[in-house]
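Undergrad: Show me how the following folds:
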Amino acid sequence: MFKKTVQHGRSERRGEAYSSRYVEPLSDLRTKLADFFNILPVIEIVSDSTRKVDEITKRKSDEHFGVQEYWVVDPVLETVKVYRMTDKGYARAAELTNESKDCLTTPLLPGLQLSLAEIFG
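TA: Here you go, the predicted model:
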C-alpha cells in the first residue's frame, strides 16, 4: 500500500534537530483520492492568472484519474462549464451562464438545482 520513510537526525549546527517524512509512492495516494472524488464533482474557480492551468492542466489530470465531473466556474464571466466523463474521456456537457438564467444540476447529486443567480448573486 504506502511505503513510509522517516528520517531523523541532527544538523551540523549544535542543538538543531530535523525530521523528514514522506509517503511513497505519490501515485497511490492520487489514485485513492481520485476514487473518493468519483462521487463528487471537482470545482475549479478560475481567474486570469490560473485560467490555463485550471481549464487545461488540472482538467486533464482529473480526467486521467477518472474524476466523473469537472466544473470550471468563471466569476468574471458568470459562467460554469461542466465536463462529464464518457468512454472517451471528458466531454463538455454544458456551458451555463447567469445571463441565460441557467440552473446547475448533476447526476452525481440527484436533486441538486443551483441557479447561477444564486452562485454569482
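Undergrad: ok, residue 108 touching residue 67?
TA: No - shown here, residue 108 and residue 67 do not form a contact pair, counting by Cβ atoms under 8 Å, at 10.3 Å. Heads up, the C-betas are built off the backbone N, CA and C, glycines and all.
Undergrad: which residue ranges form the strands in this protein?
TA: Read by DSSP state E, the chain holds these strands, from start to end of the chain: 3-10, 17-24, 42-45, 69-74, 79-86, 89-97, 103-104, 114-115.
Undergrad: Listing partners with orientation, what would you give for the third one?
TA: Based on DSSP bridges, the strands next to strand 42-45 in the sheet, each with its direction, are strand 69-74 (parallel).
Undergrad: Restricting the selection to alpha carbons, write the strand it pairs with to CSV.
TA: This file holds the C-alpha atoms of strand 69-74, laid out as CSV (Å, rounded to 0.1, in the frame of the first residue of the first chain):
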residue,chain,number,x,y,z
GLU,A,69,-17.3,15.6,-13.3
TYR,A,70,-15.2,18.7,-13.6
TRP,A,71,-16.8,22.2,-13.3
VAL,A,72,-15.0,25.4,-14.3
VAL,A,73,-16.5,28.4,-12.6
ASP,A,74,-15.7,31.8,-14.0
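Undergrad: what pLDDT does residue 3 get?
TA: The predicted local distance difference test score for residue 3 is 40.
Undergrad: Can you tell me how far residue 59 is from residue 74?
TA: 14 Å (Cβ to Cβ, to the nearest Å).
Undergrad: do the same with residue 120
TA: Computed with Cβ to Cβ, the distance linking residue 120 and residue 74 is 10 Å.
Undergrad: So between these two, which is more surrounded?
TA: Regarding residue 120 and residue 74, a neighbour count based on other Cβ atoms under 10 Å identifies residue 74 as having more, with 19 against 16.
Undergrad: Could you point out the bridge partners of that one in the sheet?
TA: Counting by DSSP bridges, residue 74 is bridged to residue 79.
Undergrad: quick one: contacts for the closest residue to residue 102 other than its chain neighbours?
TA: With sequence-adjacent residues excluded and distances taken as Cβ to Cβ, 6 or more residues apart in numbering, residue 102 is closest to residue 96, at 3.7 Å. For residue 96, the contacting residues are 79-82, 102-104, 116, by Cβ atoms under 8 Å, 6 or more residues apart in numbering.
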